[in-house]
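Student: Build me a structure from this.
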Amino acid sequence: MTGYPRLLREVAKLYRAAGVPMLRVAAEILARFDTERPKLGSRSRKPVCRFAGAAIDAARKGPLKDIADAFAIVEPVSDWVQNPNYGGDKAGKGFLDNYGYVEFVGPNRAYESHELLVGFLMLGPDTLYPDHGHAAEEIYHVASGRAEWWRQGQEWRVEQPGTAIHHKPHQRHAMRAAGEPLLALYCWRGEIGTAARLSREPAKR
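Tutor: Sure thing, here's the model as predicted:
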């Protein structure tokens with residue numbers, strides 16, 4: 001699958017150019033992989049996949065267009081998943097119908113790693129990703145979609161495609177897509193084996 005090596009190279013190039021210590025380390029880790037030998041998944045799908053085409057098409061017109069071009073090739077054969085901590089009535093069916101993510105670097109992913117998680121989050125239009133937190137350090141790059149982002153200690157703000165958004169370990173944060181789907185590339189480093197959990201106190205609106 002030629003799309004995976006291309007996607008890995010484009011993400012590593014973005015991370016090397018970012019000038020952020022965490023992402024420089026991530027780029028070095030990505031460079032170690034045998035790019036021609038990705039492990040293919042089961043092609044699992046989630047309801048949010050109905051927005052994949054529109055989100056990727058929008059991303060292909062933005063600053064992350066080279067990454068979006070590569071993701072467009074692998075998305076149909078990727079495994080879309082959801083955080084098991086959000087199941088049942090914890091996040092609500094409306095959220096679960098409009099939320100999902102693909103990881104291509106991480107434990108049991110296309111490229112095996114216990115140091116990093118790298119993938120794409122997608123939210124459907126007009127969807128709030130509730131206030132949550134996790135032990136890993138995280139950096140998002142907005143690929144497409146107009147959305148508001150909130151971090152503990154800050155106000156809600158609209159972040160444009162191409163913007164990098166940093167979350168410290170255990171820093172609460174939330175996202176709210178507007179009238180179009182949100183697609184965002186993310187990288188976790190540190191305690192990647194502990195999934196995010198919803199916060200008991202909601203983010204201020």
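Student: And the pLDDT at Gln2?
Tutor: If you look again at residue 2, you'll see it is Thr, not Gln. The score at Thr2 is 69. That number is its pLDDT.
Student: my bad, Trp149
Tutor: Trp149 is assigned 98 on the pLDDT scale.
Student: What helices and strands are in contact with the helix or strand hosting it?
Tutor: Trp149 belongs to strand 147-151 when assigned by DSSP states H and E. Using 3 or more Cβ pairs under 8 Å, 6 or more residues apart in numbering; DSSP states H and E, the elements in contact with strand 147-151 are strand 157-159, strand 164-167, strand 173-177. From N, CA and C alone the C-beta is placed, and that goes for glycine too.
Student: which residues are in contact with that strand?
Tutor: With contact meaning Cβ atoms under 8 Å, 6 or more residues apart in numbering, strand 147-151 is reached by 123, 131, 156-159, 165, 167, 171-178, 182, 203-204.
Student: what angle separates it from strand 173-177?
Tutor: 170 degrees (axes from the mean of the first three to the mean of the last three Cα atoms, to 10 degrees).
Student: just to revisit the earlier point, from the contacts of strand 147-151, keep the buried residues only.
Tutor: The neighbour count (16 or more other Cβ atoms under 10 Å) marks 123, 131, 159, 165, 167, 172-177, 182, 203 as buried among those.
Student: on that earlier part again, so which of the helices and strands packed on strand 147-151 is nearest Glu138?
Tutor: strand 164-167 (4.3 Å; Cβ to Cβ).
Student: Give the pairing partners of the closest one; include direction for each.
Tutor: Next to strand 164-167 in the sheet, as set by DSSP bridges, lie strand 137-144 (antiparallel).
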